[in-house]
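Q: what follows is a predicted structure for the sequence shown.
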Amino acid sequence: MNENINDRALLLLGRISLSDLAETNSKEYVRWQNIKRGSARIGATEIEELGKFFPNYRYWLISGELMPDAGQTSPAFDEANEKLTAPNVG
């Protein structure tokens, strides 16, 4: 998949509540809302905030690469890994 940093950031943004990032109806909340809706571009400050909220995805968020040995994965990696380690049902 050819994702860029914006795609990766929006993927993470879709996985959390905006109220986790900012106080409801605050200037920051409205900014996050505009980013999520596609009416504003994500900036370095927001990338940093997402990295703080998702520390195990920081490297992937910035580079698109994984370092599982260092605990730096991606949502897709974690989901695939979870399916591999889940007990076989049926």
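A: That came through fine.

Q: quick one: terminal-to-terminal distance for stretch 62-76?
A: Using Cα to Cα, to the nearest Å, one end of stretch 62-76 lies 15 Å from the other.

Q: please apply the same query to stretch 10-21.
A: Using Cα to Cα, one end of stretch 10-21 lies 13 Å from the other.

Q: pLDDT (mean, whole number) over it?
A: For stretch 10-21, mean pLDDT is 96.

Q: give the buried residues for it.
A: The neighbour-count check on stretch 10-21 (16 or more other Cβ atoms under 10 Å) flags 10, 11, 12, 13, 18, 21 as buried. Placement of C-beta: from N, CA and C, glycine included.

Q: in stretch 61-75, what counts as buried?
A: For stretch 61-75, the neighbour count (16+ other Cβ under 10 Å) marks 61, 72, 73, 74, 75 as buried.

Q: should've said stretch 54-63
A: For stretch 54-63, the neighbour count (16+ other Cβ under 10 Å) marks 54, 56, 57, 58, 59, 60, 61 as buried.
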